[in-house]
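Student: Sequence and predicted structure are below.
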Amino acid sequence: MIEQIENRIVERLKEGLGEIVREVKSYGGELDGDDLFNTIRAMPSIWVTYAGASLEARSTSRSRYLEEHRFVTMIAVQSVRSEESARKGGAYKYEIGTYNLIKAVRYLLTNQTLGGIVYRGLKPTGIRSLFNHYIVQRNALSVFAIEWSAVVDNSQLLEDGAYPEITDDPNHKDYWFNEFRRTALIKPFEDLHEINAEIKDPTYDPDSAAKVEMKHITRDSALQNNILDMLKGKKDE
């Protein structure tokens, strides 16, 4: 999910900004290396990175979590004129300033669910300066970071003692585990096809019973166990 959100942020900014910037991609240490001069030549640039998460249980069984993931979009601009031009832009239309890009990135990302995977959409939580008044080989550098909150409702958790399932479906939540040799993989639960039950009302006619046949096809192991436990409890009463 983390990779999916980051990739979709990158894709949306690429499509939304077009030729306004020279590159939009996941951050790969461009500001940390020794080759800062070549990094500057590719500006204006936007880099996206993951900054961690906070998790909150949303059910008493802790089978569902609300995950607040934090992402950062770094906006980097250089100017041969001045540090002020790097922030505010210049007279030429392609002399884009970081202030313009901050506004554009917020406009493109705020409240976006990225195809329905972010609960209630991306929320900006802060803007901070990373580089200001910084000169590299006569180039003024301006870099700002916009921090984002991406809330995900995650109920795809393993039951106690369970392991990922064997699957060849690339869209299955356990598919990644199947790409490696592992001993702790289990076969999928068999389909639950039907349940037969009798309902009696002793206050009306103890000997009469309404037969109920419920049919449901599912591989949801938690649902199967809940139904079987319920029927077992009724039998013991």
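Tutor: It's in. Residues are numbered from 1 along each chain as shown.

Student: For the chain, which segments are assigned as helices?
Tutor: Applying DSSP state H to the chain gives helices spanning 2-17, 36-41, 83-88, 98-109, 175-178, 221-236.

Student: neighbours of the nearest residue to residue 172 once chain neighbours are set aside, just the number please.
Tutor: Closest residue to residue 172 apart from its sequence neighbours, by Cβ to Cβ, 6 or more residues apart in numbering: residue 165 at 7.3 Å. C-beta coordinates here come from the backbone N, C-alpha and C atoms, glycine included. Using other Cβ atoms under 10 Å, residue 165 has 20 neighbouring residues.

Student: Just list whatever residues bridge to residue 165.
Tutor: Beta-bridge pairing for residue 165 (DSSP bridges): residue 186.

Student: And the helices of the chain, which one averages the lowest pLDDT?
Tutor: When these are compared by mean pLDDT, helix 221-236 comes last with a mean of 55.

Student: circling back to that earlier point, state whether the residue nearest to residue 172 and residue 174 are indeed in contact, as I suppose.
Tutor: Yes - counting by Cβ atoms under 8 Å, residue 165 does reach residue 174; the two are 4.8 Å apart.

Student: Give me the neighbour count for the residue nearest to residue 22 when sequence neighbours are not counted.
Tutor: The shortest distance from residue 22 to any non-neighbouring residue, by Cβ to Cβ, 6+ apart, is to residue 42 (5.2 Å). As a burial measure, residue 42 scores 14 neighbours (other Cβ under 10 Å).

Student: Next, work out how far apart residue 42 and residue 102 are.
Tutor: Going from residue 42 to residue 102 by Cβ to Cβ, to the nearest Å gives 19 Å.

Student: which residues of the chain score low on pLDDT?
Tutor: For the chain, the stretches flagged by pLDDT under 70 are 33, 59-63, 79-85, 87-93, 133-139, 155-156, 182-237.

Student: can you list the domains in this structure?
Tutor: 2-154, 189-236 (automatic domain parsing).

Student: For the protein, just list every one of the strands.
Tutor: Along the chain, counting by DSSP state E, strands occupy 23-26, 45-57, 65-79, 123-136, 139-154, 194-199, 210-215.

Student: Pull out the buried residues from the shortest one.
Tutor: By neighbour count, and taking 16 or more other Cβ atoms under 10 Å as the criterion, the buried residues in strand 23-26 are residue 24.

Student: Tell me the helices and strands packed up against it.
Tutor: helix 2-17, strand 45-57 (3 or more Cβ pairs under 8 Å, 6 or more residues apart in numbering; DSSP states H and E).

Student: strand partners of that strand, parallel vs antiparallel please.
Tutor: Checking strand 23-26 against DSSP bridges gives partners strand 45-57 (parallel).

Student: Could you do the third one as well?
Tutor: Neighbouring strands of strand 65-79 in its sheet, by DSSP bridges, are strand 45-57 (antiparallel), strand 139-154 (antiparallel).

Student: Would you reformat those strands as CSV and include distance to residue 12 and mean neighbour count?
Tutor: Listed next are those as CSV, based on distance: least, Cβ to Cβ, whole Å; neighbours: other Cβ atoms under 10 Å:
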stretch, distance to residue 12, mean neighbour count
strand 45-57, 10, 16
strand 139-154, 12, 20
